[in-house]
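Visitor: after the sequence you'll find the predicted model.
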Amino acid sequence: MNATIKLEKNHFPVMLNELIDIISPLYGGTFIDCTLGQGGYTSRILNQKNNEVIALDRDKAAIKIANKLKLKFGNRFKFKNFKFSDIDQISIEQNKIKGIIYDLGFSLNQINDQEKKISFNSKGSLDMRLGINDFSANEVIHQLSEKELSLIFKVLGEENMHKIIAKKIVKEREKKALHTEDLVKIIDTIKRKKKQKIHNSTKVFQSLRMFVNNEISELINGLINGFKILPIGGVMVVVTFHSLEDKITKYFFKNYSEEKNLSRYLPESSVEQKILKLIEKKPILPSKHEISINPPSRSAKLRYAFKIKNNLDFEKFKNKFKYLLDIENISRVL
Ligand SMILES: C[S@@+](CC[C@H](N)C(=O)[O-])C[C@H]1O[C@@H](n2cnc3c(N)ncnc32)[C@H](O)[C@@H]1O
């Protein structure tokens with residue numbers, strides 16, 4: 001790869017060439033990189049001298065990367081330690097924006113960060129906060145009810161053994177405060193006899209990380225607010241890593257790229273207008289070569305769409321995923 005700043009060892013920006021192929025016809029303007037991470041996408045975009053990037057990342061650790069990029073690219077690069085759901089709060093000349101990019105989830109650096117405690121290999125009390133959060137996974141595990149925990153594991157983690165895991169957590173937390181290793185042990189004991197392709201704790205840990213970081217509402221509001229500030233002709237590119245993220249992104253792109261007459265008995269004005277143009281209906285997947293050098297990329301899916309019209313009402317989109325937003329709302333008691 002030919003990014004001009006040296007990236008952290010073992011950092012492979014997922015589907016970088018595919019992303020560049022999509023956005024390069026639009027070069028010569030401002031791109032918003034909603035998820036700076038290690039700066040892989042941003043530095044490649046800035047290699048082209050007529051581009052500017054405004055990057056966001058909720059993690060304070062990204063400030064260090066941002067400072068390096070600032071030194072290298074000067075005024076063509078700006079950074080905000082923001083959540084991307086707040087993308088519409090950035091002050092920017094809207095008609096300059098050519099594209100908005102979301103590379104969801106977390107980076108290898110974050111998973112190896114012993115303070116964030118995202119991984120089931122961490123030690124001590126659970127945390128999982130990526131940055132700008134209201135509560136930690138430790139509070140979730142110790143303060144929510146058995147029913148609430150079970151629902152989080154079931155829906156956000158798609159964990160089949162959600163009920164029994166939640167029950168055991170509630171029983172064990174009465175004896176002592178649970179640490180990461182205790183949670184892993186509880187799950188291992190329950191899933192002992194099952195032969196799993198993935199680590200026994202993957203699904204429960206994923207659901208807790210999503211819950212702590214409000215990943216569902218971040219994505220829904222991030223897409224809506226990104227769409228609002230994107231001028232017509234601009235592109236939105238989203239890279240997802242698990243089924244719920246992809247389901248939300250696919251629905252947003254597909255639903256708003258089709259013209260639908262809600263009922264033939266209703267007047268013409270009730271036709272739901274196309275506001276996005278999809279070039280490819282199917283997601284772009286990483287090549288075999290990319291998966292061989294960066295195995296975690298195997299679950300990535302890239303979708304993109306161009307804005308063709310403005311829209312002010314996204315109620316249907318929000319209602320479609322209300323059942324997920326309601327689960328996030330459980331956190332109001334914390
Ligand atoms: C997969 S990494 C991005 C990697 C990046 N594309 C690169 O090339 O280095 C995801 C990044 O998004 C950040 N992030 C996740 N959710 C976010 C949100 N809602 N708002 C802002 N940043 C977020 C994480 O902190 C992490 O640094």
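Guide: Noted; the coordinates are in hand. Numbers count the residues shown, from 1 in each chain.

Visitor: just confirm Leu104 contacts Thr240, I think it does.
Guide: Yes. The pair Leu104 / Thr240 is scored as a contact, 5.4 Å apart, by CB atoms under 8 Å. C-beta: built from backbone N, CA, C; applies to glycine.

Visitor: any idea how far the closest residue to Leu144 other than its chain neighbours is from the ligand?
Guide: If the residues on either side of it in the chain are set aside, Leu144 comes closest to Ile330, at 6.6 Å by CB to CB, 6 or more residues apart in numbering. Using CB to the nearest ligand atom, to the nearest Å, we find Ile330 at a distance of 19 Å from the ligand.

Visitor: ranges for the strands of the chain?
Guide: Here the chain has its strands, by DSSP state E, at 30-33, 52-56, 77-80, 97-103, 235-240, 260-261, 271-272, 276-277, 301-307.

Visitor: just checking stretch 277-295 against the ligand, any contact.
Guide: No. Counting by CB under 6 Å from any ligand atom, the ligand is not contacted by stretch 277-295; separation bottoms out at 11.6 Å.

Visitor: that stretch - what's its average pLDDT?
Guide: Stretch 277-295 carries an average pLDDT of 95.

Visitor: same question for stretch 77-90.
Guide: Stretch 77-90 comes out at a mean pLDDT of 96.

Visitor: please save the CA atoms from that stretch in PDB.
Guide: Provided in PDB are the C-alpha atoms of stretch 77-90 (Å, rounded to 0.1, in the frame of the first residue of the first chain):
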ATOM      1  CA  PHE A  77      -6.600  17.700   7.100                       C
ATOM      2  CA  LYS A  78      -8.900  18.400  10.100                       C
ATOM      3  CA  PHE A  79      -9.800  16.200  13.000                       C
ATOM      4  CA  LYS A  80     -12.700  16.300  15.500                       C
ATOM      5  CA  ASN A  81     -12.900  14.000  18.500                       C
ATOM      6  CA  PHE A  82     -16.700  13.500  17.700                       C
ATOM      7  CA  LYS A  83     -19.100  10.600  17.500                       C
ATOM      8  CA  PHE A  84     -20.300  10.400  13.900                       C
ATOM      9  CA  SER A  85     -23.900  10.700  14.900                       C
ATOM     10  CA  ASP A  86     -23.000  14.300  15.400                       C
ATOM     11  CA  ILE A  87     -21.600  14.700  11.900                       C
ATOM     12  CA  ASP A  88     -24.200  17.500  11.200                       C
ATOM     13  CA  GLN A  89     -22.600  19.600  13.900                       C
ATOM     14  CA  ILE A  90     -19.400  20.100  11.900                       C
END
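
Visitor: where's it relative to the chain centroid, distance-wise?
Guide: Its chain's average C-alpha position is 15 Å from that of stretch 77-90, according to CA atoms, centre = their mean, to the nearest Å.

Visitor: do the same with stretch 29-49
Guide: Per CA atoms, centre = their mean, the centroid offset for stretch 29-49 relative to its chain is 17 Å.

Visitor: the ligand contacts on the protein?
Guide: Counting by CB under 6 Å from any ligand atom, the chain sits next to the ligand at 13, 34-35, 37-41, 56-59, 62, 83-84, 103, 105-107, 130, 218.

Visitor: helices - which of those land there?
Guide: When DSSP state H defines the helices, the subset of these inside them is Gly40, Tyr41, Ala62, Glu218.

Visitor: now do the domain split for the chain, please.
Guide: Following automatic domain parsing, one finds the domains of the chain at 16-103+234-329, 113-213.

Visitor: mind putting those into CSV with mean neighbour count?
Guide: Below are the domains of the chain laid out as CSV (neighbours: other CB atoms under 10 Å):
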stretch, mean neighbour count
domain 16-103+234-329, 17
domain 113-213, 18
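
Visitor: can you list these in JSON lines and add distance to Asn225?
Guide: Compiled in JSON lines, those are given as follows (distance: least, CB to CB, whole Å):
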{"stretch": "domain 16-103+234-329", "distance to Asn225": "4"}
{"stretch": "domain 113-213", "distance to Asn225": "15"}
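
Visitor: quick one, which of those is nearest to Gly222?
Guide: domain 16-103+234-329 (4.3 Å; CB to CB).

Visitor: end-to-end on the closest one?
Guide: 35 Å (CA to CA, to the nearest Å).

Visitor: check the offset of that domain from the chain's centre.
Guide: 10 Å.

Visitor: show me where the stretch 51-200 of the chain has helices.
Guide: 62-73, 108-112, 137-143, 146-151, 162-173, 180-190 (DSSP state H, counting those that start in this stretch).

Visitor: show me the contacts for the nearest residue to Lys228 once chain neighbours are set aside.
Guide: Counting by CB to CB, 6+ apart, Lys228 lies nearest to Asp88, which is 5.6 Å off, once chain neighbours are set aside. For Asp88, the contact set (CB atoms under 8 Å, 6 or more residues apart in numbering) comprises Asn225, Gly226, Lys228, Ile229.
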